[in-house]
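# Pasting the sequence and the predicted model now:
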Amino acid sequence: MAADRDALITGIGLISCLGEGPAATWAALEAPGGFQPVLDTARFAPFPVHPMVPLEWERQIPRREQRQMEAWQRIGVYAAGLALDAAGVKGNADLLQRTDMIVAAGGGERDYAADEAIMAAMPDATDPGALLNERLQSDLRPTLFLAQLTNLLAGNISLVHGVVGSSRSFMGEEAAGTDAVRTACARITTGQGDLFLVGSSLNAERPDTLLIHAAGGILRQGAFAPVWERQATGGGMVLGSIGCFLVIESRAHAMARGATPIARIASVATDRCRRRPGEATATARRQLAALRPTLEQGNAAVISGASGVAAPTAEEAAFLRELNLPVRSAATAFGHSLEAAFPAALALAALAVAKGRLFAPLEAAEAVMSEPLRRALVTSWGLWRGEAMALVDGV
């Protein structure tokens with residue numbers, strides 16, 4: 001009976017610099033001659049970004065609906081449509097009525113013209129505070145605030161694709177993405193739901209997003225390097241535009257409707273610490289303790305969500321070396337994507353487990369895995385807070 005409540009991934013919607021959908025993503029990872037990162041080093045120099053592949057938005061979003069969406073919303077709505085399509089849920093009113101949705105995302109995009117005008121006026125203002133209040137009330141469109149709401153992504157998915165079950169929106173960088181997945185799996189396990197659409201999106205090609213992280217001194221500048229290799233030169237995060245949604249459902253529900261499962265999420269653990277030296281490692285070890293017997297059965301690998309930020313990435317790398325398992329960095333493949341990073345890493349893990357093999361190393365520090373792959377450990381050490389771990393295995 002317990003197996004009936006297994007959380008199965010039955011649909012993956014993934015778009016990034018590597019392409020549209022799982023097949024294109026896998027082909028890029030396994031390209032003849034070796035993996036080649038897709039980068040834009042000119043538009044936001046000195047900060048490289050992994051740009052979104054060109055998309056025909058109308059394939060998933062009617063043109064009339066696109067006008068009121070910012071890019072991050074279009075990316076998410078598009079990826080959600082792909083996931084629903086892949087799971088055989090899209091267009092099925094009965095299933096959509098029972099599909100619960102959990103979305104993790106950041107805020108909306110800035111009105112750059114208004115920002116620049118305010119910043120230009122501030123140095124000459126007699127009372128900068130009063131000027132700021134006045135300009136914010138007069139210069140910003142009321143609809144801009146609505147467009148910035150995180151839960152508008154969920155609302156647009158509901159409007160465009162007809163997902164009308166319950167809806168929850170999480171905000172809070174990587175931890176939002178990890179808790180979105182954990183909540184869906186927990187509700188399935190406890191019988192509080194059978195069918196979930198879970199995911200996130202990030203538009204990395206935004207001056208304001210780059211500015212915020214550059215101000216924190218955590219963005220990679222200049223030449224690109226893979227995640228593990230860049231630690232020798234100070235680390236740094238390279239953002240990537242990504243949309244990733246997963247359809248996750250109970251085994252009983254999937255079997256009853258004849259869905260083909262891709263992989264099983266056997267376990268998800270999330271936590272956070274204050275990031276004093278060694279604390280993130282201690283958290284990860286506690287999370288790993290329950291999974292170790294399964295990993296010791298062999299044929300396992302790690303899909304790491306390491307951001308590239310120097311301190312947490314170095315600590316995670318040391319922890320992963322203790323496991324003595326082949327490792328792949330999701331951020332080397334298509335950039336780091338904050339809230340979307342964990343769902344995207346889960347998608348890579350599910351694809352690899354379903355194919356029964358780990359994709360080729362993305363850099364010299366990653367070992368070849370010649371034996372069949374049966375399970376994957378997915379990690380997420382947030383750039384500032386939040387540690388999570390999931391075990392994905394076959395069905």
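That came in fine, so what should we check first?
# Show me where the stretch 251-395 of the chain has its strands.
For the stretch 251-395 of the chain, the strands defined by DSSP state E, counting those that start in this stretch cover 263-271, 300-304, 327-329, 375-381, 387-393.
# And the helices in the stretch 101-250 of the chain, which stretches?
Here the stretch 101-250 of the chain has its helices, by DSSP state H, counting those that start in this stretch, at 112-121, 128-139, 142-148, 151-161, 173-189, 207-215.
# what's the least confident stretch among those?
Lowest mean pLDDT within those: helix 142-148, a mean of 57.
# Contacts only, for K90.
Counting by C-beta atoms under 8 Å, 6 or more residues apart in numbering, K90 makes contact with 81, 84, 96, 161. To be clear about C-beta, it is placed using only N, CA and C from the backbone, and glycine gets the same treatment.
# okay, now the third one: neighbour count?
L96 has 19 neighbouring residues, counting by other C-beta atoms under 10 Å.
# A364 too?
9.
# right, and it touches A225 too?
No. Counting by C-beta atoms under 8 Å, A364 stays clear of A225, with 11.0 Å between them.
# For those two, list the residues in contact with both.
In contact with both A364 and A225: no residue, using C-beta under 8 Å, 6+ apart.
# pLDDT weak spots in the stretch 251-395 of the chain?
Within the stretch 251-395 of the chain, no range satisfies pLDDT under 70.
# Now tabulate the strands of the stretch 251-395 of the chain in CSV and tack on mean neighbour count and distance to D127.
Listed next are the strands of the stretch 251-395 of the chain as CSV, based on neighbours: other C-beta atoms under 10 Å; distance: least, C-beta to C-beta, whole Å:
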stretch, mean neighbour count, distance to D127
strand 263-271, 21, 45
strand 300-304, 25, 50
strand 327-329, 26, 49
strand 375-381, 26, 44
strand 387-393, 25, 45
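# would a markdown table of those with distance to P128 be doable?
Converted to a markdown table, the strands of the stretch 251-395 of the chain look like this (distance: least, C-beta to C-beta, whole Å):
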| stretch | distance to P128 |
| --- | --- |
| strand 263-271 | 41 |
| strand 300-304 | 44 |
| strand 327-329 | 44 |
| strand 375-381 | 39 |
| strand 387-393 | 40 |
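# re earlier: pick the most buried one from the helices of the stretch 101-250 of the chain.
helix 173-189 (a mean of 24; mean count of other C-beta atoms under 10 Å).
# Only alpha carbons, please: show it as PDB.
In PDB, the C-alpha atoms belonging to helix 173-189 read as follows (Å, rounded to 0.1, in the frame of the first residue of the first chain):
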ATOM      1  CA  GLU A 173      15.900  31.800  -3.700                       C
ATOM      2  CA  GLU A 174      17.100  28.200  -3.700                       C
ATOM      3  CA  ALA A 175      15.200  27.300  -0.600                       C
ATOM      4  CA  ALA A 176      11.900  28.200  -2.300                       C
ATOM      5  CA  GLY A 177      12.500  25.700  -5.000                       C
ATOM      6  CA  THR A 178      13.600  22.900  -2.600                       C
ATOM      7  CA  ASP A 179      10.600  23.400  -0.300                       C
ATOM      8  CA  ALA A 180       8.200  23.500  -3.300                       C
ATOM      9  CA  VAL A 181       9.300  20.000  -4.300                       C
ATOM     10  CA  ARG A 182       9.400  18.700  -0.700                       C
ATOM     11  CA  THR A 183       5.900  20.000   0.000                       C
ATOM     12  CA  ALA A 184       4.500  18.300  -3.100                       C
ATOM     13  CA  CYS A 185       6.100  15.000  -2.200                       C
ATOM     14  CA  ALA A 186       5.000  15.100   1.400                       C
ATOM     15  CA  ARG A 187       1.400  15.800   0.400                       C
ATOM     16  CA  ILE A 188       1.500  12.800  -2.000                       C
ATOM     17  CA  THR A 189       3.000  10.500   0.700                       C
END
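# So if we follow the domain assignment, how does the protein break up?
2-108+149-393, 112-144 (automatic domain parsing).
# Comparing the ones you listed, which comes out most buried?
Most buried among these, given mean count of other C-beta under 10 Å as the contact rule, is domain 2-108+149-393, at a mean of 20.
# Could you tell me the end-to-end distance of it?
By C-alpha to C-alpha, to the nearest Å, the extent of domain 2-108+149-393 from end to end equals 16 Å.
# Excluding chain neighbours, what is closest to A376?
Excluding the flanking residues, the one nearest A376 by C-beta to C-beta, 6 or more residues apart in numbering is A349, at 3.8 Å.
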